[in-house]
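Asks: Sequence plus the predicted model coming up.
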Amino acid sequence: MGFGASNGIRIDVSEEYVRNFILALLFVALSAGEIAFAQVKPVGEQRQVEQVIVELFAENLNHRIAVPVDTLQAVGGVSAGVTEGSLNRTNWGYSFSVYRIEKNRVFLRMRVNTNSGERLEKRFSVYRAGASEYQFERGIKVKAYYERVGQSAQELSARVDGYLNAKVKANQFSGSILIARDGKVLVSKGYGMANEELGVPNTPQTKFRIGSLTKPFTATAIMILQERGKLSVQDSICKYVSQCPSAWQPIKVHHLLTHTSGIPDVSRFPEFETLVLSPTSTESIIERFKNKPLESKPGEKFNYNNGGYLLLGYIIERASGKSYEAFLQEAIFQPLKMTSSGVDRNDSILKNRASGYARQDNVTVNAPFIYISNLQGGGSLYSTVEDMFLWNQAFNSETLLSKKSLDVVFSPLITTPFDASYGYGWFVYKDKSNRRAFGHTGGINGFRSNISRFADEKLFVVVLSNLNVAPVDDIANDLAEMAFNQNNSLK
């Protein structure tokens, strides 16, 4: 007989060989004690299950068997559930059932019915441990492991509450967070106070200044203009800057997007602290660094540059014929229904606005004033965690940009000193578990923020804080780990 693969290619194996193979598999699993399990709660359900996973691999064969365990009957109980199926297109059927559960051990029964009517049965136990792989004849490989496929939103929310409430108590966090996976919000909550003086708590609807999380929006706006034929990232920036210095002629829009222009960063100038205390036009700020010598050749070196994104905001206005604020509203916020996001202004009355705070001599104080409009393009936006979720969904659905443009935006175009690469407005990196991620951090007087996207796993985490000392990068990483549920115990 043969194992029929889904594409029609068959692996010819005798019945006797298959019988011996299955018995060998069960014997190894029993002897090694390496197959494992873990308690899980599927998202949106309160009922917990355990899963034992057995996978069979060979050329043109990949068969996965998931055996659930009913933990509601875990104390000396017997599970009535049976996992049944067939090995691809063969007439061989299998069934797994759990007949006994102990604290760290599950006892299973496996039955296999051949196409000749013969029934094979084997009982074995499974211990909590790591994954195991076994190589058999004819290229067949077996992998057995436990899989924690998820947890209920209630369990995750409780875990996040414990973690962040401790941060609030230690004066290390005040803000809102959102965790989503597969397009579904798992946790969306506020912690601490949006306004300490009035006793107004943070909520998912609280509006925060997001600092440099503005940069991914600016980069997206540039790419939208490119798709509309209004500019090219390969254009010299002198196409959009009047009385452009000759040293800027080789600098392309691409170089501004990747922080490789070589232009000195105006935000590091000694006078910048004074410059942001009163309204100053974008053109006047550009004049401050327009004739400074380049610090490196264009494209040669990454040097994080707030002034470069100020220039990009200016280029957006020149190429679109609209103000930076008007173009982002028309091209991004309105299509995505991000009604709680926009360009911040000091004089505007903004419902649900969070006040920014700092820690000084172990006391919480109001953050220093900054004229926010002076940071256009690089740090002038406000948003909520709920709107940032809509923003993330636009990348998943290709609502704003084509796949071709998105591939460039999230490409590792230049190496940075931060153990990451940089694309267009996004850091590209691997987390401590080697998952591919895209993210950015923001910081502005009284506010800190982090956005993290794990595109392969479809996980999204955003942290917006109105406390200047909040360790938002660490918080975002910890929340992601909680969502991935890699640890078996809640900490």
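Replies: Nice, I can see it. Residues are numbered from 1 along each chain as shown.
Asks: care to break this structure down by domain?
Replies: 2-146, 153-484 (automatic domain parsing).
Asks: Export those domains to a markdown table and append columns for mean neighbour count and mean pLDDT.
Replies: C-beta coordinates here come from the backbone N, C-alpha and C atoms, glycine included. Shown next, in a markdown table, are the domains of the chain (neighbours: other C-beta atoms under 10 Å; pLDDT from 0 to 100):
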| stretch | mean neighbour count | mean pLDDT |
| --- | --- | --- |
| domain 2-146 | 16 | 51 |
| domain 153-484 | 19 | 95 |
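Asks: Tell me who's in contact with Asn306.
Replies: By C-beta atoms under 8 Å, 6 or more residues apart in numbering, the residues touching Asn306 are 212, 265-267, 375, 378-379.
Asks: Let's see which of those residues end up in helices.
Replies: If you go by DSSP state H, these have nothing in helices.
Asks: Which one of those is nearest to Phe302?
Replies: Among the contacts of Asn306, Asp265 lies closest to Phe302 (C-beta to C-beta), at 11.9 Å.
Asks: With Lys167 as the reference, measure out to that closest one.
Replies: 31 Å (C-beta to C-beta, to the nearest Å).
Asks: Pull the most distant pair out of the contacts of Asn306.
Replies: For those, with distances taken as C-beta to C-beta, the pair at the greatest spread is Ser212 and Val266 (14.5 Å).
Asks: Would you double-check that Ala221 falls in a helix?
Replies: Yes: using DSSP: H, G, I helix; E, B strand; the rest coil, the assignment for Ala221 is a helix.
Asks: wait, doesn't it sit right on Tyr314?
Replies: No: using C-beta atoms under 8 Å, Ala221 and Tyr314 do not qualify as a contacting pair, with a distance of 11.9 Å.
Asks: which secondary structure element contains Asn165?
Replies: Following DSSP states H and E, one finds Asn165 within helix 153-169.
Asks: That helix packs against which elements?
Replies: In terms of contacts (3 or more C-beta pairs under 8 Å, 6 or more residues apart in numbering; DSSP states H and E), helix 153-169 is packed against strand 175-181, strand 184-191, helix 472-484.
Asks: Which one of those lies nearest to Ile286?
Replies: Of all the helices and strands packed on helix 153-169, helix 472-484 sits nearest to Ile286, with 29.9 Å by C-beta to C-beta.
Asks: Send me that closest one as CSV with only the CA atoms.
Replies: In CSV, the C-alpha atoms belonging to helix 472-484 read as follows (Å, rounded to 0.1, in the frame of the first residue of the first chain):
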residue,chain,number,x,y,z
VAL,A,472,8.2,51.2,26.9
ASP,A,473,10.6,49.0,24.9
ASP,A,474,10.8,46.5,27.8
ILE,A,475,7.1,46.6,28.4
ALA,A,476,6.3,46.0,24.7
ASN,A,477,8.7,43.0,24.7
ASP,A,478,7.2,41.6,27.9
LEU,A,479,3.6,42.0,26.6
ALA,A,480,4.6,40.2,23.4
GLU,A,481,6.1,37.3,25.3
MET,A,482,2.9,37.0,27.4
ALA,A,483,0.9,36.9,24.2
PHE,A,484,3.1,34.4,22.6
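Asks: List of residues touching that helix?
Replies: Here helix 472-484 makes contact (C-beta under 8 Å, 6+ apart) with 156, 159-160, 163-164, 167, 173, 177, 179, 181, 186, 431-433, 435, 439, 441, 448-452, 454, 457, 459, 461-463, 465, 487.
Asks: now do stretch 243-255
Replies: For stretch 243-255, the surrounding residues in contact (C-beta under 8 Å, 6+ apart) are 222, 231-238, 241, 261-263, 290-291, 293-294, 297-299, 308, 312, 315.
Asks: ends of stretch 333-342, how far apart?
Replies: With C-alpha to C-alpha, to the nearest Å applied, stretch 333-342 spans 8 Å between its terminal residues.
Asks: what's the closest of the contacts of Asn306 to Phe418?
Replies: Closest to Phe418 out of those is Ser212 (12.9 Å), distances taken as C-beta to C-beta.
Asks: Tell me if I'm right that that closest one and Gly379 touch.
Replies: Yes: using C-beta under 8 Å, Ser212 is in contact with Gly379, at 5.5 Å.
Asks: Look up the residues that both of the two are in contact with.
Replies: 306, 442, 444.
Asks: from those, which ones fall inside helices?
Replies: Asn306.
Asks: Using TSV, lay out the shared contacts of Ser212 and Gly379 together with distance to Ala247.
Replies: Listed next are the shared contacts of Ser212 and Gly379 as TSV, based on distance: C-beta to C-beta, whole Å:
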residue	distance to Ala247
Asn306	20
Gly442	30
Ile444	30
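Asks: Can you show me the CA trace of the helix holding Asn165 as PDB?
Replies: The C-alpha trace of helix 153-169 is given here as PDB (Å, rounded to 0.1, in the frame of the first residue of the first chain):
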ATOM      1  CA  ALA A 153      -8.500  36.900  26.700                       C
ATOM      2  CA  GLN A 154      -9.500  36.900  30.300                       C
ATOM      3  CA  GLU A 155      -6.300  35.000  31.400                       C
ATOM      4  CA  LEU A 156      -4.000  37.200  29.300                       C
ATOM      5  CA  SER A 157      -5.800  40.400  30.600                       C
ATOM      6  CA  ALA A 158      -5.300  39.300  34.200                       C
ATOM      7  CA  ARG A 159      -1.600  38.600  33.500                       C
ATOM      8  CA  VAL A 160      -1.200  42.000  31.900                       C
ATOM      9  CA  ASP A 161      -3.000  43.700  34.700                       C
ATOM     10  CA  GLY A 162      -0.700  42.200  37.300                       C
ATOM     11  CA  TYR A 163       2.400  43.200  35.400                       C
ATOM     12  CA  LEU A 164       1.400  46.800  34.600                       C
ATOM     13  CA  ASN A 165      -0.300  47.600  37.900                       C
ATOM     14  CA  ALA A 166       3.000  46.700  39.500                       C
ATOM     15  CA  LYS A 167       4.700  49.200  37.100                       C
ATOM     16  CA  VAL A 168       2.200  51.900  38.000                       C
ATOM     17  CA  LYS A 169       2.700  51.300  41.700                       C
END
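Asks: how near is Ser452 to Lys430?
Replies: Distance from Ser452 to Lys430, counting by C-beta to C-beta: 12 Å.
Asks: intersection of neighbour lists for the two?
Replies: Common contacts of Ser452 and Lys430 (C-beta under 8 Å, 6+ apart): Ala437.
Asks: and the residue nearest to Pro417 when sequence neighbours are not counted, what is it in contact with?
Replies: Distance criterion C-beta to C-beta, 6 or more residues apart in numbering; nearest residue to Pro417, sequence neighbours excluded, is Phe302 at 7.2 Å. Listed by C-beta under 8 Å, 6+ apart, the contact set of Phe302 reads 258-260, 414-417, 422.
Asks: Span of stretch 291-307 from start to end?
Replies: End-to-end distance for stretch 291-307: 13 Å, by C-alpha to C-alpha.
Asks: what sits against Ile315?
Replies: Contacts here follow C-beta under 8 Å, 6+ apart; on that basis Ile315 touches 222, 231, 237, 240-241, 253, 256.
Asks: Can you lay out the residues you listed as TSV showing secondary structure and distance to Phe333?
Replies: As requested, those are exported to TSV (DSSP: H, G, I helix; E, B strand; the rest coil; distance: C-beta to C-beta, whole Å):
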residue	secondary structure	distance to Phe333
Ile222	helix	16
Leu231	coil	20
Ile237	helix	26
Tyr240	coil	23
Val241	coil	26
Val253	helix	22
Leu256	helix	22
